[in-house]
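Chemist: next come a sequence and a model predicted from it.
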Amino acid sequence: MKVSVLGTGYVGLVTGVCLAEKGHSVSCVDIDPDKVQKTNLGIPIIHEEGLGVLLKKNIGDRFSATA
């Protein structure tokens, strides 16, 4: 399933990465280009245990961020 998530904050980023981990194709949309760039480089902008590992695992494959 293709999913769009608005925002890359605590709720949006975690939700998007978890949905990608479950096999969905996810695009997170944010108005802050710095957050988008860091997210696409696999650098989480928030701290949540295990988020960095899952982000790096899914980025470019099933997960991406855009402005």
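Modeler: Now that the structure is in, tell me what you want to look at.
Chemist: so where is this protein shaky, pLDDT-wise?
Modeler: Residue ranges of the chain with pLDDT under 70: none are present.
Chemist: mind checking the longest helix of it?
Modeler: What stands out as the longest helix in the chain, according to DSSP state H, is helix 10-21.
Chemist: which parts of the following helix or strand past it are buried?
Modeler: Next helix or strand after helix 10-21 toward the C-terminus (DSSP states H and E): strand 25-29. Within strand 25-29, the residues that count as buried by 16 or more other CB atoms under 10 Å are Val26, Cys28, Val29. (Each C-beta comes from the backbone N, C-alpha and C, glycine too.)
Chemist: can you tell me how far the last one is from Gly50?
Modeler: Relative to Gly50, Val29 is positioned 23 Å away (CB to CB, to the nearest Å).
Chemist: now do the first one
Modeler: Relative to Gly50, Val26 is positioned 17 Å away (CB to CB).
Chemist: do the same with Ala20
Modeler: Counting by CB to CB - Ala20 and Gly50 are separated by 13 Å.
Chemist: list the residues that contact Ile46.
Modeler: Applying CB atoms under 8 Å, 6 or more residues apart in numbering, we find Ile46 in contact with Gly9, Tyr10, Leu13, Val14.
Chemist: for Met1, same thing?
Modeler: Neighbours of Met1 in contact, by CB under 8 Å, 6+ apart: His24, Ser25.
Chemist: same check on Asp30?
Modeler: Neighbours of Asp30 in contact, by CB under 8 Å, 6+ apart: Leu6, Gly7, Thr8, Gly12, Val36, Thr39, Ala65, Thr66, Ala67.
Chemist: can you give me phi and psi for the fifth one?
Modeler: Val36 has phi and psi values of phi -60, psi -50 when expressed as degrees, to the nearest 10.
Chemist: roughly how far apart are it and Gly23?
Modeler: Val36 is 23 Å from Gly23, by CB to CB.
Chemist: check Gly12 too.
Modeler: Gly12 sits at a distance of 19 Å from Gly23 (criterion: CB to CB).
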